[in-house]
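Asker: just a sequence and a predicted model for now, questions to come.
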Amino acid sequence: MPQARSPEEGQRPPAGDKLANGIRNNKVAWNLASRLYRLEGFRKSEVAAYLQKNNDFSRAVAEEYLSFFQFGGQSLDRALRSFLQALVLSGETQERERILYQFSRRFHHCNLGVFPSVDSVHTLTCAIMLLNTDLHGQNIGKSMSCQEFITNLNGLRDGGNFPKELLKALYWSIRSEKLEWAVDEEDAAASWRSTACGRSTWSTRKPATRPTWSCWWPACTAPPMLWTCGRSSWGGKLEALRSPSSA
């Protein structure tokens, strides 16, 4: 993780919808973002709450927080892996999508010319998350093939296609090594103790058939998310995911 800049000392703002009354304050936002990045007085499970609200201040904190990540020269899957280790991606679907959109903005900024737009990065980021669950989740049936992954993304690169070699590389990266979600040490220890005693700490849901392009979120943080993906209507679902800030 790159070295964080030293923030000025300040009081920790309250969590929730009333973060600084939703008013953008770049100095306060940067100070808070720096502390969140360094986990200075915060746990990984507390970070997302400050980044995901639909107001100017929360967006400013998210932008400043992502500015500490240096994704230049990294592949999208590598950058996503490092980002998912930094915080527990919790909250409602729209709230999580706002954070992923900020991740996409930062990756695009660090790698200008690799993708035509932030939307194209966000589309592919969502596809990677969905692919991860298709390959490594508890879905019934045959997992998605590389060719199906490529076909499902046809026309979703701002109306064009992503390079096939890029999609192949991403597919085999995720197939070879699943995405890992960040957890707090305390939560991991509690989960281990409960599992050892024979009690499941989170519930799973197995679809009766191949799932459609939809995502659902368990109430717990371990694992922080479970995406389900199908093989039809990718375009419509990804279009719906590409405007999290307006939700």
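Answerer: Structure's in. What do you need? Numbers count the residues shown, from 1 in each chain.

Asker: now do the domain split for this structure, please.
Answerer: 19-66, 76-182+208-246 (automatic domain parsing).

Asker: now Ser75: phi and psi?
Answerer: With angles defined as degrees, to the nearest 10, Ser75 sits at phi -70, psi 160.

Asker: did I read that right, Phe162 in a strand?
Answerer: No. Phe162 is assigned coil when assessed by DSSP: H, G, I helix; E, B strand; the rest coil, not a strand.

Asker: which pLDDT value does the model give it?
Answerer: Each residue has a pLDDT score; the one for Phe162 is 98.

Asker: equivalent analysis for Trp181, please.
Answerer: Per the predicted model, pLDDT is 89 at Trp181.

Asker: quick one: the helices in this protein, in order.
Answerer: 26-38, 44-47, 56-66, 76-84, 93-110, 118-136, 146-152, 164-176, 185-196, 234-241 (DSSP state H).

Asker: of these, which is nearest Asp158?
Answerer: Nearest to Asp158 among those is helix 118-136 (5.3 Å), distances taken as C-beta to C-beta. To be clear about C-beta, it is placed using only N, CA and C from the backbone, and glycine gets the same treatment.

Asker: orientation of the closest one relative to helix 93-110 in degrees?
Answerer: Here helix 118-136 points in a direction 120 degrees away from that of helix 93-110 (axes from the mean of the first three to the mean of the last three C-alpha atoms, to 10 degrees).

Asker: I'd like to check the angle between helix 118-136 and helix 76-84, please.
Answerer: 80 degrees.

Asker: which ones are touching the residue lying closest to Val61 once chain neighbours are set aside?
Answerer: Distance criterion C-beta to C-beta, 6 or more residues apart in numbering; nearest residue to Val61, sequence neighbours excluded, is Ala29 at 4.6 Å. By C-beta atoms under 8 Å, 6 or more residues apart in numbering, Ala29 lies in contact with 57, 60-61, 63-64.

Asker: can I get those residues in TSV with neighbour count and pLDDT?
Answerer: Below are the contacts of Ala29 laid out as TSV (neighbours: other C-beta atoms under 10 Å; pLDDT from 0 to 100):
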residue	neighbour count	pLDDT
Phe57	22	94
Ala60	23	96
Val61	30	97
Glu63	18	97
Glu64	23	98
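
Asker: so Trp181 sits right up against Leu87, yeah?
Answerer: No. Using C-beta atoms under 8 Å as the test, Trp181 is too far from Leu87 to be in contact (9.7 Å).

Asker: neighbour count: these two, which is higher?
Answerer: Leu87 (25 against 17; other C-beta atoms under 10 Å).

Asker: got the contact list for the residue nearest to that one when sequence neighbours are not counted?
Answerer: The shortest distance from Leu87 to any residue other than its chain neighbours is 3.9 Å, reached at Val47 (C-beta to C-beta, 6+ apart). Going by C-beta under 8 Å, 6+ apart, Val47 touches 36, 39, 65, 86-88.

Asker: include pLDDT when you put those residues into JSON lines, please.
Answerer: What follows is these, written out as JSON lines (pLDDT from 0 to 100):
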{"residue": "Leu36", "pLDDT": "98"}
{"residue": "Leu39", "pLDDT": "97"}
{"residue": "Tyr65", "pLDDT": "98"}
{"residue": "Ala86", "pLDDT": "97"}
{"residue": "Leu87", "pLDDT": "97"}
{"residue": "Val88", "pLDDT": "96"}
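
Asker: return the member of those residues nearest to Leu167.
Answerer: Closest to Leu167, out of all of these and judged by C-beta to C-beta, is Ala86, at 25.6 Å.

Asker: what separation do you get for the closest one and Cys126?
Answerer: With distances taken as C-beta to C-beta, to the nearest Å, Ala86 is found 19 Å from Cys126.

Asker: and for Lys142?
Answerer: 22 Å.

Asker: what does Pro116 give?
Answerer: Pro116 is 16 Å from Cys126, by C-beta to C-beta.
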